[in-house]
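**Q** From the sequence below, what's the structure:
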Amino acid sequence: MIDSTLKNANILIVDDQQANIDVLTGLLDAKGFTNYTTTEDPRVATTLFEKFKPDLLLLDLMMPHVTGFQVMEQLKLMIPANTYFPILILTADITPESKQKALAEGATDFLTKPFDLIEVDLRIKNLLHARYLHQQIENQNQILEEKVKVRTEELQKTNEELIIAKEKAEESDKLKSDFLHQMSHEIRTPLNAIVGNADYINISIGALLDADTRECFESIDQASKRIIRTVDLILNAADLQTGGYKPNLAEVDLNSGILYKLYLEYQLPAKQKGLKFSYTCKEKETMITIDEYSVTQIFANLIDNAVKFTKDGKIEMLLGKNKMGNIMVEIKDTGVGISKEFLPSMFNPFTQEEQGFTRSYEGNGLGLTLVKKYCELNNITLEIESEKNVGSLFRIIFEKKVMRTQKINQLFRSEDNVTVNNLIENNFINE
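**A** You can find the predicted model right below:
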């Protein structure tokens, strides 16, 4: 197949001696080559080259008016760079200098007259074969370049579509977040009035009311607070999803500033269920730099779940340090526990182990989702140990990367323009 392809190659012969041209054309005819053209005048070589578009040039060197060297010089301007075009020199000039000069000027091969026709035939076939292979490579490269171009255009289009889709999704998230915040205001305003008035009645005239009436007001108070908490959870989740929540790092006493306050807040709900709620602080130095709101939400959600999912027994909260010297908080309960099957999906939003309207416990399934996200936001490690119908242990570990505000301010006064987040992410913040 390749041999038949080579026979169709275009061959240009430039020689000032007609006798030499006749010998060469006779050889080409005998070997089945039919696409050739010749000239005795080297001055028209470039014109023929441009018109005939040869695959091989058989060129004499010593010719009147224009030498073979000059022809090759002219062809250099016409042949594209990195294109393989074979030139076979057939000359009576046997000097080594001429051969070296010809090869330096662009000749591919060199034969001296009188030449052996068998050797000429072999040289022609070898050069044409090389030309064919180079053309195949060039064709493949062109095909690949075209495919790459098409694929690049497809990827660019896909990227543009993804960017548009992302912008639309972000805009949609923003609209949802704005809507939720607006609805929050509309819900909170009447609820605050309901909660406030219910508390006022309980405090001012509660003793004068009969048991059923007091129970009604307590039910109103609890239901209202449940709605407010649900609104808070939804808004917090929306802020985290849209990137609207911006952490504010500050130095906080984890013991008195967060945990003890929550302990006092949840004493009554725990007591109402007949649960024993204890809190132990084993550390004197409990000042850390954190985002106070989100860390408070972590513990509020964990304690709230402990109270909610514990029917009887106790809830224990401990503030101390682990073996690595990191500040650690453990919240342990004797509640319903979590099954091994549910553990992998327990942080998914709007998910509870019991589903449907007949489930035993209220809630929207956002609490643990927020706990996980707030832990990630503060670079806090969250560990869980749980057994179904035995209880659960949530362990919150503050890495040593968390440092004092004074140290942060010192770093900010340095020449390096860094942020607290960069310091935390790169492990540069240590106690």
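
**Q** for stretch 279-293, what is the average pLDDT?
**A** For stretch 279-293, mean pLDDT is 91.

**Q** what's that stretch in contact with?
**A** 247-260, 263, 316-321, 327, 377-378, 398, 402-405, 408 (C-beta atoms under 8 Å, 6 or more residues apart in numbering). Yep, even glycine has a C-beta here, placed from its N, CA and C like the rest.

**Q** number of nearby residues for residue 149?
**A** 10 (other C-beta atoms under 10 Å).

**Q** again, but for residue 245
**A** 19.

**Q** just checking, it is part of a helix?
**A** No: applying DSSP: H, G, I helix; E, B strand; the rest coil, one finds residue 245 to be coil, outside a helix.

**Q** From residue 59, how far off is it?
**A** To residue 59, residue 245 is 79 Å away according to C-beta to C-beta, to the nearest Å.

**Q** Pull out the buried members of the contacts of stretch 279-293.
**A** 247, 249, 252, 254-255, 257-260, 263, 316-319, 327, 377-378, 398, 402-403, 408 (16 or more other C-beta atoms under 10 Å).

**Q** so residue 278, which of the three states?
**A** strand.

**Q** check contacts around the closest residue to it other than its chain neighbours.
**A** Distances taken as C-beta to C-beta, 6 or more residues apart in numbering place residue 316 nearest to residue 278, at 5.3 Å, with adjacent residues excluded. Contact analysis of residue 316 by C-beta under 8 Å, 6+ apart lists 278, 279, 280, 330, 331, 332, 333.

**Q** Phi and psi next, for the fourth one.
**A** Residue 330 has phi and psi values of phi -120, psi 130 when expressed as degrees, to the nearest 10.

**Q** how about the closest residue to it other than its chain neighbours, secondary structure?
**A** Nearest non-adjacent residue to residue 330, counting by C-beta to C-beta, 6+ apart: residue 318, 4.6 Å away. Judged by three-state DSSP, the three-state class of residue 318 is strand.

**Q** pLDDT value on residue 318, please?
**A** pLDDT, residue 318: 96.

**Q** how much space between it and residue 256?
**A** In terms of C-beta to C-beta, residue 318 sits 16 Å off from residue 256.

**Q** And residue 59, its phi and psi?
**A** phi -130, psi 130.

**Q** Tell me who's in contact with it.
**A** When contacts are counted by C-beta under 8 Å, 6+ apart, residue 59 touches 14, 15, 45, 68, 71, 72, 87, 88, 89, 90, 107.

**Q** Residue 88 contacts residue 60, correct?
**A** No: counting by C-beta atoms under 8 Å, residue 88 sits too far from residue 60 to count as a contact (10.5 Å).

**Q** So which of those two has more stuff around it?
**A** residue 60 (23 against 20).

**Q** which residue sits closest to residue 27 in space, ignoring its chain neighbours?
**A** Distances taken as C-beta to C-beta, 6+ apart put residue 117 closest to residue 27, at 5.3 Å, once the chain neighbours are dropped.

**Q** Number of residues surrounding the one you found?
**A** 14.

**Q** is it true that it touches residue 23?
**A** Yes: assessed by C-beta under 8 Å, residue 117 is found in contact with residue 23 at 7.4 Å.

**Q** Wait, a helix at residue 81?
**A** No: under three-state DSSP, residue 81 falls outside any helix and is assigned coil.

**Q** before we move on, the earlier item: among the contacts of residue 316, who's most crowded?
**A** The residue in the contacts of residue 316 with the most neighbours, by other C-beta under 10 Å, is residue 333 (27 neighbours).

**Q** Just the element for the closest residue to that one other than its chain neighbours, please.
**A** In space, and not counting its chain neighbours, residue 333 is closest to residue 306: 4.1 Å by C-beta to C-beta, 6+ apart. In the assignment (DSSP states H and E), residue 306 maps to helix 292-308.

**Q** Output that helix as PDB, restricted to C-alpha atoms.
**A** Extracted in PDB, the C-alpha atoms of helix 292-308 (Å, rounded to 0.1, in the frame of the first residue of the first chain):
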ATOM      1  CA  GLU A 292     -17.900  33.000  70.500                       C
ATOM      2  CA  TYR A 293     -21.300  32.800  68.800                       C
ATOM      3  CA  SER A 294     -20.600  29.700  66.700                       C
ATOM      4  CA  VAL A 295     -18.800  27.800  69.600                       C
ATOM      5  CA  THR A 296     -21.700  28.700  71.900                       C
ATOM      6  CA  GLN A 297     -24.100  27.200  69.300                       C
ATOM      7  CA  ILE A 298     -22.000  24.000  69.200                       C
ATOM      8  CA  PHE A 299     -22.500  23.400  72.900                       C
ATOM      9  CA  ALA A 300     -26.100  24.700  72.900                       C
ATOM     10  CA  ASN A 301     -27.100  22.200  70.200                       C
ATOM     11  CA  LEU A 302     -25.200  19.300  71.900                       C
ATOM     12  CA  ILE A 303     -26.700  20.000  75.300                       C
ATOM     13  CA  ASP A 304     -30.200  20.500  73.800                       C
ATOM     14  CA  ASN A 305     -29.900  17.100  72.100                       C
ATOM     15  CA  ALA A 306     -28.700  15.500  75.200                       C
ATOM     16  CA  VAL A 307     -31.800  16.800  77.100                       C
ATOM     17  CA  LYS A 308     -34.100  16.000  74.300                       C
END
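
**Q** chain center to it, what's the gap?
**A** From the chain centre to the centre of helix 292-308 is a distance of 32 Å (C-alpha atoms, centre = their mean, to the nearest Å).
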